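Colleague: Sequence first, then the predicted structure, then my questions.
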Amino acid sequence: MPIRGRANRVVAIDWDARTLRIVHAFVQKRGLKIDRLLSAVIPPDCDSTNPEQMGSHIRRVLDREQIHTKHAIVDVPRDQVILKTLVLPVVRPEELPDMVQIQIAKELPFPAGEAVIDFVTSATATEDAPTADVLVAAVRRELLEKYEATIAAAGLKLERVGLRPYANTVAACELLKYAMPERVLFMDVRPTLTEIDVIHNSSLVFSRAASVSIPEAAAGGETQEDDAPHLAFVPAAESEGSDDVGKGEVGGERGRTIIDSLLVEVTRSIEAYRATDAGAQIDHMVIAGDLGVEESLAEAVHKKLGVTTELYNPASSFGWEPQEGAAASAFASTLGLVLGQADGAVVHFDFLHPKKTVSVAQQRLKKAPFVAAAVVLLLLAPVIGLERSTRDERAELARIERLIDEHEATRKDNKKFLDFVERIRVFDEDQHVWVDVLYDVMSVLPPSDELVFTHIDMRQDGARVVLKTKAKSRDTATKVSHSLMNFRRPGRDKPRFSVRVGPQTEKKRERYTFWQDFTIKILEDDDTKKSKRRSGRG
């Protein structure tokens with residue numbers, strides 16, 4: 001069902017270094033209808049980062065297709081956002097924005113005041129769980145202003161600014177909704193920055209942008225001579241020129257180099273994801289794009305990783321013919337945007353209208369009509385029922401009662417706020433700052449010519465770090481263990497770590513012969529902090 005207050009006709013717009021893509025859709029009560037999909041080359045003399053130039057190009061494309069819809073939705077690419085998953089206590093929805101603001105401020109490389117922050121909770125979150133995963137995204141305000149200026153220059157009204165990896169997730173979940181695997185890797189192949197996302201139980205849990213340059217000639221297709229829009233297709237209609245879309249095939253040495261580079265980025269992404277979900281296996285992979293490398297990449301992934309792979313074809317999602325869906329392989333993010341626009345039951349990213357705490361003043365404004373009605377009744381009461389001699393006394397009494405009610409409401413609101421701040425403080429004290437912990441650990445490790453580590457696993461639950469290491473000497477493990485257990489933070493008398501060394505494996509042909517794991521337990525070495533916690537929770 002469409003969200004009340006949103007436009008019934010929208011254009012979803014997405015662009016990268018080379019191509020502008022547009023989906024024109026109708027959000028109706030009986031469902032979502034896709035009117036048409038089209039793409040247009042961004043000419044060399046058009047700077048896609050310049051709002052005036054890019055806005056004018058969008059306007060030209062829409063005019064040539066005679067699309068007169070005024071409302072637009074866009075998305076922000078992965079490389080332009082800070083994306084972080086926070087584990088937060090389960091609180092009331094109106095309290096969550098403040099908690100997110102406090103926690104994400106610690107993760108940003110720039111002041112939180114310079115960012116627009118929005119978030120979504122995990123699709124698998126339950127009310128009875130003590131904590132919930134919250135995916136938080138932060139975008140610099142200056143970037144958001146550029147998007148607003150671009151859409152304004154196109155003569156459109158900006159309805160929503162979403163997040164491209166999340167839009168891709170929506171599209172992938174719609175594609176696989178009848179047989180959703182536990183973990184899906186979604187790959188959106190782009191000319192310069194390919195986006196790779198991991199979806200776990202229908203929730204976006206990992207995303208990165210990989211820098212792999214795919215030359216235009218690699219696709220093997222025909223280059224458009226101008227910036228005229230290329231109509232991918234109109235659903236359920238014959239569209240002239242649709243046979244060329246996404247049909248190029250990569251070949252030769254250059255093609256193999258591109259496929260190898262993309263495979264490396266897939267492997268890196270899986271390993272990076274496993275740092276937060278140890279031992280996780282990818283069950284399925286979906287590849288989107290129209291640069292001509294997608295089919296060869298799918299075959300290479302299946303051959304190397306043994307993962308079932310398919311090309312993004314949304315025909316089943318919208319009731320199209322298979323060849324029509326194949327022509328829309330590069331439209332995952334734009335289709336995901338309109339799917340999110342039509343789904344009023346699910347909360348999505350919107351940097352234009354980020355989620356905010358409802359203040360006491362706003363709550364009172366909502367009650368203003370009822371207060372006004374009460375005032376009218378109070379003014380009429382002396383005329384229709386009260387004795388003139390008691391009018392002044394009754395008005396004074398009413399005024400005093402209102403003052404009492406206001407003071408009582410303020411007292412309750414203040415108490416709720418103080419309780420809320422205390423819950424954040426207690427929760428925050430239990431969290432380890434991993435940058436500091438890793439700094440302490442690394443400060444006592446020997447140089448890399450003596451010992452290297454191949455994997456790090458950090459767990460808030462259990463307060464431990466697991467290091468997988470390789471050493472040249474058999475005795476290095478003992479020395480490292482003693483150094484860690486003897487480590488003291490400045491001004492502290494108690495040890496910071498306890499260490500357990502796993503079984504040592506000897507691989508004689510390796511440069512680093514002796515392999516072993518260190519399980520490092522983080523100890524409480526601050527008596528003052530500990531006593532404060534007891535008193536705070538008492």
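Modeller: That came through fine.
Colleague: alpha carbons only for contacts and neighbour counts from here, please
Modeller: Will do.
Colleague: Name the spans of this structure whose pLDDT lies under the cut-off.
Modeller: In the predicted model of the chain, residues 1-7, 124-127, 217-251, 345-346, 357-389, 424-430, 527-538 satisfy pLDDT under 70.
Colleague: The longest helix seen in it: what's the following helix or strand?
Modeller: Counting residues, the longest helix in the chain under DSSP state H turns out to be helix 391-429. Using DSSP states H and E, the helix or strand that follows helix 391-429 in sequence is helix 434-443.
Colleague: starting at the chain centroid, how far to the longest helix of the chain?
Modeller: Its chain's C-alpha centre and that of helix 391-429 lie 37 Å apart, by C-alpha atoms, centre = their mean, to the nearest Å.
Colleague: so what does that helix touch, helix or strand wise?
Modeller: Contacting helix 391-429 under the criterion 3 or more C-alpha pairs under 8 Å, 6 or more residues apart in numbering; DSSP states H and E are the following elements: helix 527-537.
Colleague: Walking through the stretch 251-400 of the chain, point out its strands one by one.
Modeller: Secondary structure of the stretch 251-400 of the chain (DSSP state E, counting those that start in this stretch): strands at 284-288, 308-311.
Colleague: Distance to residue 455 added to these, as TSV?
Modeller: Output for these, formatted as TSV (distance: least, C-alpha to C-alpha, whole Å):
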stretch	distance to residue 455
strand 284-288	24
strand 308-311	27
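Colleague: Just the endpoints, please. Distance across stretch 274-291?
Modeller: Stretch 274-291 has an end-to-end distance of 29 Å (C-alpha to C-alpha, to the nearest Å).
Colleague: circling back: any idea which of the strands of the stretch 251-400 of the chain gets closest to residue 339?
Modeller: Comparison of the strands of the stretch 251-400 of the chain against residue 339 by C-alpha to C-alpha identifies strand 284-288 as nearest, at 16.8 Å.
Colleague: Now find how far off-centre that closest one is within its chain.
Modeller: That offset, for strand 284-288, works out to 18 Å (C-alpha atoms, centre = their mean).
Colleague: Okay, now the sheet partners of that strand, with direction.
Modeller: Sheet pairing for strand 284-288, assigned by DSSP bridges, gives strand 183-188 (parallel), strand 308-311 (parallel).
Colleague: Number of residues surrounding the closest residue to residue 337 other than its chain neighbours?
Modeller: Nearest-residue entry for residue 337: residue 167, 5.4 Å, with adjacent residues in sequence omitted and distances by C-alpha to C-alpha, 6 or more residues apart in numbering. Applying other C-alpha atoms under 10 Å, we find 25 residues neighbouring residue 167.
Colleague: Count the neighbours of residue 292 for me.
Modeller: 24.
Colleague: Same check on residue 169?
Modeller: 24.
Colleague: element containing it?
Modeller: Assigned by DSSP H and E, residue 169 belongs to helix 164-175.
Colleague: Now do that helix against strand 183-188: the angle between them, please.
Modeller: On the basis of axes from the mean of the first three to the mean of the last three C-alpha atoms, to 10 degrees, helix 164-175 is oriented at 120 degrees to strand 183-188.
Colleague: List the buried residues in helix 164-175.
Modeller: Under the neighbour-count criterion of 16 or more other C-alpha atoms under 10 Å, helix 164-175 has 164, 165, 166, 167, 168, 169, 170, 171, 172, 173, 174, 175 buried.
Colleague: With distance to residue 479 added, can I get the residues you listed in a markdown table?
Modeller: Shown next, in a markdown table, are the buried residues of helix 164-175 (distance: C-alpha to C-alpha, whole Å):
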| residue | distance to residue 479 |
| --- | --- |
| 164 | 48 |
| 165 | 45 |
| 166 | 47 |
| 167 | 50 |
| 168 | 49 |
| 169 | 47 |
| 170 | 51 |
| 171 | 52 |
| 172 | 50 |
| 173 | 50 |
| 174 | 54 |
| 175 | 54 |
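Colleague: Report the contact partners of the residue nearest to residue 337.
Modeller: Contact analysis of residue 167 by C-alpha atoms under 8 Å, 6 or more residues apart in numbering lists 75, 332, 333, 334, 335, 336, 337, 340.
Colleague: hmm, try it at 7 Å
Modeller: Taking C-alpha atoms under 7 Å, 6 or more residues apart in numbering, we find residue 167 in contact with 333, 336, 337.
Colleague: again, but for residue 313
Modeller: Neighbouring residues of residue 313 by C-alpha under 7 Å, 6+ apart: 325, 326, 328, 329.
Colleague: ok, and the closest non-adjacent residue to the second one?
Modeller: This points to residue 326. Excluding the flanking residues, the one nearest residue 326 by C-alpha to C-alpha, 6+ apart is residue 313, at 5.2 Å.
Colleague: For residue 453, find the nearest of the strands paired with strand 284-288.
Modeller: Minimum separation from residue 453 across those (C-alpha to C-alpha) falls at strand 183-188, 26.8 Å.
Colleague: and the following helix or strand past the closest one, which strands flank it?
Modeller: Downstream of strand 183-188, the first helix or strand assigned by DSSP H and E is strand 193-200. Strand 193-200 pairs in its sheet with strand 183-188 (antiparallel), strand 203-211 (antiparallel), by DSSP bridges.
Colleague: circling back: just the contacts of residue 167: which are in helices?
Modeller: Using DSSP H, 333, 336, 337 are the members of these that sit in helices.
Colleague: Closest one to residue 10 out of these, please.
Modeller: Set against residue 10, the nearest of the ones in helices among the contacts of residue 167 by C-alpha to C-alpha is residue 337 (10.1 Å).
Colleague: what about that closest one, how many neighbours?
Modeller: Around residue 337 there are 31 other residues, counting by other C-alpha under 10 Å.
Colleague: what does the one 4 residues further on give?
Modeller: Burial of residue 341 is recorded as 27 neighbouring residues (other C-alpha under 10 Å).
Colleague: on that earlier part again, as JSON lines, the strands of the stretch 251-400 of the chain with mean neighbour count and distance to residue 145 would be great.
Modeller: Output for the strands of the stretch 251-400 of the chain, formatted as JSON lines (neighbours: other C-alpha atoms under 10 Å; distance: least, C-alpha to C-alpha, whole Å):
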{"stretch": "strand 284-288", "mean neighbour count": "23", "distance to residue 145": "29"}
{"stretch": "strand 308-311", "mean neighbour count": "18", "distance to residue 145": "34"}
